[in-house]
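*Asks:* Okay, sequence plus prediction incoming.
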Amino acid sequence: MTRLFSPFKLGRYQLEHRVVHAPMTRLRSEPDDTPSAMMAEYYRQRASAGGLLITESSHTMRSGRGYLGGPGIYEDHHIAGWKRIADAVHEQGGKVFMQIAHDGRQSHVDMTGGIPPIAPSEVPYEGLALTHNGWVPVSPHKAATIDEIRALVASFRTSAERALAAGVDGVELHSANGYLVDTFLQDGTNRRTDLYGGSIEKRARFLLEATEALVSVFGGDRVGVRFSPSGKWGAISDSNPEATFGYAAERLNHFGLAYLHVIEPRVMGVETLHEGQAPVASVFLRNKFKGPIIAAGGFDKAGAEAILQKGDADLVAFGRWFASNPDLPERLRRDLPLAPYDREAFWGGTDYHYIDYPRYGEQANGEEKQAA
Ligand SMILES: Cc1cc2nc3c(=O)[nH]c(=O)nc-3n(C[C@H](O)[C@H](O)[C@H](O)COP(=O)(O)O)c2cc1C
């Protein structure tokens, strides 16, 4: 048997295979940021018995949103939409972890409710946010005060409480891709000189407090954390990623987490960059983090099998291939061809190229549609 299709105990859950759905923001929530029925259908289609899905990022605060259509978990009325997703996945025998995030400086005043986006420090940044006026340059951000940092940590805790009420199996802290938690951790974006910046220990404080907030609600064995130590999305950088992420991973051991989820250097955000480069998990995090590692970023079946065989990761998350192949685990298991994904339909839109991809051998829209 391949390792990819061997069982694995992740935290308190028994998984039947190691093909994980990577978090993917698809911007199809209701106008009030409640997950839509269409989203529940998306996850239902991709759930498999004993398989793990990690959801798109869900925001802890209204002012923590950077993309119109991304779901929230910042108000109680969002719980019902998430419950629909949790129920849909459970009906298929799957498990679902909600990714919990704050977009930090990757935002715009039209999305934050008029207040400047918040970040650890004011370091000029020229990214884009998605608002009612389409993709626009982000608004200038401001450095969070200590009181605001306390409120941010509290928002992670209350969001976790809502997630628990919605019935998801666990939560993943989004500490990747240049969003808020990541900007505290990395020194290119954290120039603070107080409790939350300066030394590596202080830069890691916000990550550890946010993790603790999630763990206090779910227990460590139902919480994961996501890192992208070599990611450049969000103009993020660190002068010594090995030291920074190595320290952070070691400190996370204290929580007995379900997993550490690591984006490999082969992708920058969603662009494939350096095929064949050594996976980051094997470079330094495997030795630091004592729990399971999920690797993500540019994997196909052979690459996934290779990293598992080598022992550098325990599970592998797939993003884009899951978008166009709802039955991805089954296709990988049986070596079936994969349907190509449609980048144009990634961010926002209708059910087109979102929930209309057939399972292998099924009809799509009444036509015989053979996977390419
Ligand atoms: C449309 C899209 C949306 C994404 N949204 C998120 C997100 O919400 N949170 C996150 O941590 N990563 C996000 N990612 C990154 C993916 O989780 C994954 O790391 C990346 O796509 C590389 O994996 P792949 O080569 O298997 O697609 C997104 C990627 C895509 C393509």
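*Replies:* Alright, I've got the coordinates. Worth saying up front: this structure is predicted, and the values here are computed from it rather than measured.

*Asks:* Would you map the helices across the stretch 201-350 of the chain?
*Replies:* 205-218, 241-252, 280, 286-288, 301-310, 320-324, 328-333 (DSSP state H, counting those that start in this stretch).

*Asks:* One more: the stretch 1-150 of the chain?
*Replies:* Under DSSP H, counting those that start in this stretch, the stretch 1-150 of the chain gives helices at 37-46, 79-91, 109-112, 146-166.

*Asks:* which one of the ones you listed lies closest to the ligand?
*Replies:* helix 37-46 (11.9 Å; CB to the nearest ligand atom). Using the backbone N, CA and C atoms, a C-beta is placed for each residue, glycine as well.

*Asks:* So is the closest one next to the ligand?
*Replies:* No. Judged by CB under 6 Å from any ligand atom, helix 37-46 makes no contact with the ligand; its nearest approach is 11.9 Å.

*Asks:* Next, the angle helix 79-91 makes with that helix.
*Replies:* 20 degrees (axes from the mean of the first three to the mean of the last three CA atoms, to 10 degrees).

*Asks:* got the CA positions of helix 37-46 in PDB?
*Replies:* Taking C-alpha atoms only, helix 37-46 is exported to PDB below (Å, rounded to 0.1, in the frame of the first residue of the first chain):
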ATOM      1  CA  ALA A  37     -25.200  27.100   0.700                       C
ATOM      2  CA  MET A  38     -23.000  26.900  -2.400                       C
ATOM      3  CA  MET A  39     -19.900  26.700  -0.200                       C
ATOM      4  CA  ALA A  40     -21.500  23.800   1.800                       C
ATOM      5  CA  GLU A  41     -22.000  22.000  -1.400                       C
ATOM      6  CA  TYR A  42     -18.400  22.600  -2.400                       C
ATOM      7  CA  TYR A  43     -17.100  21.000   0.800                       C
ATOM      8  CA  ARG A  44     -19.700  18.200   0.600                       C
ATOM      9  CA  GLN A  45     -18.400  17.200  -2.800                       C
ATOM     10  CA  ARG A  46     -14.800  17.100  -1.600                       C
END
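
*Asks:* any idea how far it is from the chain center?
*Replies:* 17 Å (CA atoms, centre = their mean, to the nearest Å).

*Asks:* hang on, the earlier thing: which stretch among the helices of the stretch 201-350 of the chain is buried most, on average?
*Replies:* helix 280 (a mean of 25; mean count of other CB atoms under 10 Å).

*Asks:* rewinding a little: now distance to the ligand and mean pLDDT too, for the helices of the stretch 201-350 of the chain, in TSV please.
*Replies:* Below are those laid out as TSV (distance: least, CB to the nearest ligand atom, whole Å; pLDDT from 0 to 100):
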stretch	distance to the ligand	mean pLDDT
helix 205-218	15	98
helix 241-252	15	96
helix 280	12	72
helix 286-288	18	93
helix 301-310	10	94
helix 320-324	4	98
helix 328-333	10	98
